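[1] Below are the sequence and a predicted model; questions follow.
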Amino acid sequence: MSETTATATKWAIDPTHSEVQFKIKHLVISTVTGSFKSFQGTMQSEGDTFENAQVEFELAVDSIDTNQEMRDGHLKGEEFFDAAKFPTIKFESTSFTKKSDDTYTLAGNLTMRDVTKPVTLEAEYGGTAVDFYGNTKAGFEVTGKINRKEFGLTWGGITEAGAIVLGDDVKLIANVQFAKQA
């Protein structure tokens, strides 16, 4: 009697149907939203389930876009991401655990600048579908929150009136569509 093993399924992010955003408080009264325009990622799952999938993700810091060129330049500079010295932000999963039919907990190591820290994110499975070209796609919305200062993004301004210019917590939102690889 031979033992059967599940076949590994490889997936790659379809960047034309995916987006990576972040939100941070400004002056404690409103939220600024930004995005990264250039990123790539892969997922490897066993069989047709995503339980225990391995996820790797990388984005180009230089592709940051907050819809304000001067602010983008400041964020790419040494006071924030220092894109010249640290051009990428990376995530590598350590676990992908199913919580319910459509929700998972995605844990892993996030590297920003020269700091690597464990983070836990929520992944909501949107479903699987076949596109016009016969490609199988799987969609996820990944959300979470990190403290920017823990990753070396410690710049802080105070207005003349004493208000904090930038919050510490950063909300992460990634809507990603993975394409099944042959």
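    Sure thing, it's come through. These figures come from a predicted structure and were not determined experimentally.
[2] count of residues packed around T31?
    10 (other CB atoms under 10 Å). C-betas here are computed from N, CA, C, even on glycine.
[3] quick one: the helices in this structure?
    Using DSSP state H, the helices of the chain run over 69-76.
[4] Where do the strands of it begin and end?
    Counting by DSSP state E, the chain has strands at residues 8-13, 19-26, 30-36, 39-46, 54-60, 64-65, 88-98, 103-112, 115-130, 136-147, 166-180.
[5] could you dump these to TSV with distance to G77?
    Below are the strands of the chain laid out as TSV (distance: least, CB to CB, whole Å):
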stretch	distance to G77
strand 8-13	28
strand 19-26	16
strand 30-36	15
strand 39-46	21
strand 54-60	16
strand 64-65	11
strand 88-98	16
strand 103-112	15
strand 115-130	17
strand 136-147	20
strand 166-180	14
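[6] I'd like these laid out as JSON lines, including distance to R71 and mean pLDDT.
    Shown next, in JSON lines, are the strands of the chain (distance: least, CB to CB, whole Å; pLDDT from 0 to 100):
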{"stretch": "strand 8-13", "distance to R71": "26", "mean pLDDT": "92"}
{"stretch": "strand 19-26", "distance to R71": "10", "mean pLDDT": "82"}
{"stretch": "strand 30-36", "distance to R71": "8", "mean pLDDT": "81"}
{"stretch": "strand 39-46", "distance to R71": "20", "mean pLDDT": "93"}
{"stretch": "strand 54-60", "distance to R71": "17", "mean pLDDT": "95"}
{"stretch": "strand 64-65", "distance to R71": "9", "mean pLDDT": "93"}
{"stretch": "strand 88-98", "distance to R71": "18", "mean pLDDT": "95"}
{"stretch": "strand 103-112", "distance to R71": "18", "mean pLDDT": "95"}
{"stretch": "strand 115-130", "distance to R71": "22", "mean pLDDT": "93"}
{"stretch": "strand 136-147", "distance to R71": "19", "mean pLDDT": "92"}
{"stretch": "strand 166-180", "distance to R71": "11", "mean pLDDT": "85"}
